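Enquirer: Predicted model follows, preceded by the sequence.
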Amino acid sequence: MKSVLRVSVVKIIQDGAMSNKFLLSFPPHLRSKNAVFIQNYEMMIALVPSLLGAIWVFRLKAVAVVTVTLISSLITYFLFGLFSKEWRVWDSSVLLTSLLFAFLLPATIPLWLVVFGAFLTVIFSKQVMGQSIFNAVLISKVFVLFCWPTVSKSWLISEGTKPFWSEEFLLGPNLFFEHFGGGIGEISLILILVGAFYLLVRKIIKWRISLSFLITLIIGSFFGGGTTALDRLFFQVCLGGTLLAAFFFVTDSLTSPVTKKGQIIFGLGIGILTLLLRFLSKSQESWIVAVLLMNIFVPLIDEYTWPRPFGVKR
Amino acid sequence: MQVRTFAGGIYLFRNKPGILRDLPKTDSRPSSSIKTMPYPQRVVLPLHYTNGSSPMAERNLLVKVGDYLERGTKIAEGENTLPLYTPISGEVKALVPWLYPSGEEILSVIIESQGKIQFEKKISLNSHWSEMTFQELSEIIFQAGIADFRKIRRHQIETLLVNGIDEDYWDSSNSQLLGEKAKEIIEGTKILLHLFGAWRARLIIQDNKKENIIKLKNLLRDEMNIAMVLVRPKYPQREKRLLIKSVFGKEFSVEELPENYGISVQDIKLIFYIYEAVRNGKPLMENIIGVNGSGVTNSQNIKVSLGTLFSEIIKFCGGWKEKPGKLIINGLIKGQAIPAEEMPLTSNVNVISLLSAEEVEIFSAQHCLRCSRCAEACPLRLLPGELAVLIQHSRFEEAQKKGLLECFECGACAYVCPSKINLLHCFHYGKRTPYETHRGDAESAE
């Protein structure tokens, strides 16, 4: 207020010239055009190839699962929006989390289960119970898996399925659509890699986590999972949605460390836990539990890998 | 030639992430030569010296209201404060408090001129600078109102770094000055080398100014102890600590002075003013500034008399192109928005940026995504997002232990943040909030 007064005094001295009014704010006065919604839509663009592949293979079943997930999560979102002012603002992350959740479901899953899962995803991702330290998509997947284990694992295996370790896998068009069974999003390794490449080029994800996770699995593939080296490699890296996990689930920014070292440790930890759980439980999807376990350690990892600031002596 | 840089920082013009164009519309870098603005009708000069951060230094007025002054007359002086000179010939009209960009009201001398400058007072120089003693030379630089080097010799400076890097992407005043006055700057560097008793100097220039590089290469061919160092035009490269890191690989904490390690970093404009004072006897009466931004009609580099009101400068540059939005001094990323045009130019202003109302964006902060983009942009290896959380919860001591005081508020983290969290504001607040701690003394010493 005082400054306004002073400006008026200044103006009197300034023979009554009109002064422009300026906006005052704290720096920075220019910001990058990057925004949260751009990050979310970039992730969704990277999911599009896999989605199209799934629709190509599963036809209407995939379309149904994905649409029901999206619609039911949107309804949940706006239902909760009735009670919370904050939620009335449109948040693009709802679309992303529900799409990611749909990618983990088999195409044959009953649709009422999809609705339940989408409901859980929105609740976990929008933090009804405060800051969730767990990956929202994976924890709702675990809920669904735990309550309806047989239904949610009813992988649709199409007719012309060949074992993925056969020669045709590498030579024929089966590399694109290898129907070894799995969620909607895991239908084609190549299409997942296309999306992952887009994310890496655009620098959307924390690539250090993906890298250390995949390297750990590749090293782990020397120890078991098949007869030949290639066989073991595919068993560890490609089966059970592991490749999808490496680029889309492990790298979830909210529930992963922010330090560079911490990201590497995080990926390493998930890799080791996945390998251990695979040897113990024989479940290919043990990476889900591994990610959730490592989520607990994220604050600890950040604390211990806090970088030494510039100029501060050790 | 090797191009040096530091880890972190941002390339303002090719900031990759994001689906849309990332380059802000303000892409109007002036590349024209430095124009001299005609003498203004009125100047407002602060009686007391201030640079915004350190406490105001008192000066005694040497003239009376109603006196007629020639250009270059000393108006005020203090024992340990730089003297003040009038840049125009005219009558002292008034002595009134005036509002400055720093937010302070300072008693100011208002001088109005009727006609042209007929006579210009100069500092008397007895001999060439190479024959002067340290006391004589430092006294001339002090009396010219440029800098106080009178106590600096005890530091035993070995290396002089000349900072020729532009304020940010939209500014080109420093590199333009270097390109136009290369000979003068090299001589100014020699003067400072002589003054400091230093044995080598490094001219630090951006590697994207090809003409400057070629020109300096030719000029520096015969110089034994002055060399050119190329750095990438990354954003907070102008910062002293990052310059030393880029050139020598040494890291300094805020608590340490580079002078203790024999390094002195001086701005290129200062070198030029020293040259003008020591060779031509000109006291500091003008400032070379860049005027840029989307709001200005002609963005250009100009030489302006100190004390000129910003409104006059904007008028000289063609006025506002669009509806006025923000007036910012010293860079668009870390600069300061000022409330009115009727503020005088001081010697610590390097750039004036004008943003049109259309381009002024108001952001509302969202939840942190923990995307670690701020950590990658931070040149000091801090984790800005995490520190901001600590500050928001008033856990200042913990934030300080994690390096909060090292932050020099460059704003790179806030620039890249996709959630538009006001990180810079957080740190500004966190660093200045008083609290008891073992490192509390360091702040008061600053």
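Expert: Yep, it's here.

Enquirer: For chain A, give me its nearest residue in the stretch 151-300 of chain B.
Expert: In the stretch 151-300 of chain B, the residue that lies nearest chain A is residue B:253 (3.7 Å; Cβ to the nearest Cβ). The C-beta positions use only the backbone N, C-alpha and C, and glycine is treated the same way.

Enquirer: likewise chain B?
Expert: For chain B, the residue closest to chain A is residue B:403, as judged by Cβ to the nearest Cβ, at 3.1 Å.

Enquirer: quick one: contacts for the residue nearest to that residue when sequence neighbours are not counted?
Expert: Using Cβ to Cβ, 6 or more residues apart in numbering or on different chains and skipping the chain neighbours, the partner closest in space to residue B:403 is residue A:309 (3.1 Å). Residues near residue A:309 by Cβ atoms under 8 Å, 6 or more residues apart in numbering or on different chains: B:380, B:381, B:382, B:402, B:403, B:406.

Enquirer: most surrounded residue in those residues?
Expert: Top of these by neighbour number is residue B:380, holding 28 neighbours under the definition other Cβ atoms under 10 Å in any protein chain shown.

Enquirer: Tell me where the stretch 101-250 of chain B has strands.
Expert: B:105-112, B:159-163, B:200-206, B:226-231 (DSSP state E, counting those that start in this stretch).

Enquirer: What separation is there between residue B:334 and residue A:238?
Expert: 48 Å (Cβ to Cβ, to the nearest Å).

Enquirer: I should have written residue B:132 there, sorry.
Expert: Residue B:132 sits 77 Å away from residue A:238 when distances are taken as Cβ to Cβ.

Enquirer: so where's chain B uncertain?
Expert: Flagging of chain B using pLDDT under 70 yields the residue ranges B:13-32, B:51-55, B:115, B:153-155, B:434-446.

Enquirer: Specify the angle between the biggest helix by length in it and strand B:200-206 in degrees.
Expert: Longest helix of chain B, by residue count under DSSP state H: helix B:182-196. Helix B:182-196 runs at 140 degrees relative to strand B:200-206, counting by axes from the mean of the first three to the mean of the last three Cα atoms, to 10 degrees.

Enquirer: just how off-centre is helix B:182-196 within its chain?
Expert: 19 Å (Cα atoms, centre = their mean, to the nearest Å).

Enquirer: and it with strand B:226-231, angle?
Expert: 110 degrees.

Enquirer: quick revisit: settle it for me: which of residue B:334 and residue A:238 has more neighbours?
Expert: A side-by-side neighbour count of residue B:334 and residue A:238, using other Cβ under 10 Å, places residue B:334 first with 24 against 21.

Enquirer: Would you mind giving both backbone torsions of the residue nearest to the more buried one when sequence neighbours are not counted?
Expert: Excluding the flanking residues, the one nearest residue B:334 by Cβ to Cβ, 6+ apart is residue B:411, at 4.5 Å. Note on residue B:411: backbone dihedrals following degrees, to the nearest 10 are phi 90, psi 10.

Enquirer: Now for residue B:411: which residues touch it?
Expert: A:27, A:28, B:333, B:334, B:424.

Enquirer: switch the cut-off to 10 Å
Expert: A:26-31, B:10, B:168, B:235-236, B:331-335, B:377, B:423-425, B:427-428 (Cβ atoms under 10 Å, 6 or more residues apart in numbering or on different chains).

Enquirer: how far away is it from residue B:9?
Expert: Residue B:411 is 11 Å from residue B:9, by Cβ to Cβ.

Enquirer: list the residues that contact both of these two?
Expert: B:235, B:236, B:377.

Enquirer: between these, which is closest to residue B:369?
Expert: Of all the shared contacts of residue B:411 and residue B:9, residue B:369 sits closest to residue B:377, with 14.2 Å by Cβ to Cβ.

Enquirer: Tally up the residues packed near that closest one, please.
Expert: Residue B:377: 24 neighbours (other Cβ under 10 Å).

Enquirer: now swap in residue A:111 and tell me
Expert: 13.

Enquirer: Okay, it and chain B: tell me how far apart.
Expert: 31 Å (Cβ to the nearest Cβ, to the nearest Å).

Enquirer: That residue: what's it in contact with?
Expert: Residue A:111 touches A:64, A:65, A:67, A:68, A:69, A:72, counting by Cβ under 10 Å, 6+ apart.

Enquirer: And the helix or strand encompassing the last one, what's buried?
Expert: For residue A:72, the element it lies in under DSSP states H and E is helix A:60-81. Buried residues in helix A:60-81, counting neighbours by 16 or more other Cβ atoms under 10 Å in any protein chain shown, are found at A:61-62, A:65-66, A:68-70, A:72-73, A:76-77, A:80-81.

Enquirer: same deal with stretch B:319-334?
Expert: For stretch B:319-334, the neighbour count (16+ other Cβ under 10 Å) marks B:320-321, B:324-334 as buried.

Enquirer: Make JSON lines out of these and add distance to residue B:266 and secondary structure.
Expert: Output for those, formatted as JSON lines (distance: Cβ to Cβ, whole Å; DSSP: H, G, I helix; E, B strand; the rest coil):
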{"residue": "B:320", "distance to residue B:266": "35", "secondary structure": "strand"}
{"residue": "B:321", "distance to residue B:266": "35", "secondary structure": "coil"}
{"residue": "B:324", "distance to residue B:266": "35", "secondary structure": "strand"}
{"residue": "B:325", "distance to residue B:266": "34", "secondary structure": "strand"}
{"residue": "B:326", "distance to residue B:266": "30", "secondary structure": "strand"}
{"residue": "B:327", "distance to residue B:266": "28", "secondary structure": "strand"}
{"residue": "B:328", "distance to residue B:266": "25", "secondary structure": "strand"}
{"residue": "B:329", "distance to residue B:266": "21", "secondary structure": "strand"}
{"residue": "B:330", "distance to residue B:266": "18", "secondary structure": "coil"}
{"residue": "B:331", "distance to residue B:266": "19", "secondary structure": "coil"}
{"residue": "B:332", "distance to residue B:266": "24", "secondary structure": "coil"}
{"residue": "B:333", "distance to residue B:266": "23", "secondary structure": "coil"}
{"residue": "B:334", "distance to residue B:266": "20", "secondary structure": "coil"}
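
Enquirer: farthest-separated two in those residues?
Expert: B:321 and B:334 (24.1 Å).

Enquirer: now check stretch B:303-317, is it near chain A?
Expert: Yes: Stretch B:303-317 reaches chain A (Cβ under 10 Å from any Cβ of the partner chain) through B:309, B:311, B:314.

Enquirer: now the strands for the stretch 251-400 of chain B?
Expert: For the stretch 251-400 of chain B, strands defined by DSSP E, counting those that start in this stretch occupy the ranges B:263-267, B:286-292, B:300-305, B:324-329, B:336-337, B:351-356.

Enquirer: Save the ones you listed as CSV, and put in distance to residue A:151 too.
Expert: Listed next are these as CSV, based on distance: least, Cβ to Cβ, whole Å:
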stretch, distance to residue A:151
strand B:263-267, 69
strand B:286-292, 63
strand B:300-305, 71
strand B:324-329, 58
strand B:336-337, 60
strand B:351-356, 58
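
Enquirer: Next, give phi and psi for residue B:239.
Expert: The phi/psi pair for residue B:239 (degrees, to the nearest 10) is phi -60, psi 130.

Enquirer: so it makes contact with residue B:258?
Expert: No: Residue B:239 is beyond contact range of residue B:258, at 11.6 Å (criterion: Cβ atoms under 10 Å).

Enquirer: returning to what we had before: out of the residues of stretch B:303-317 next to chain A, which is nearest to residue B:33?
Expert: Each of the residues of stretch B:303-317 next to chain A was scored against residue B:33 by Cβ to Cβ, and residue B:314 proved nearest at 19.8 Å.
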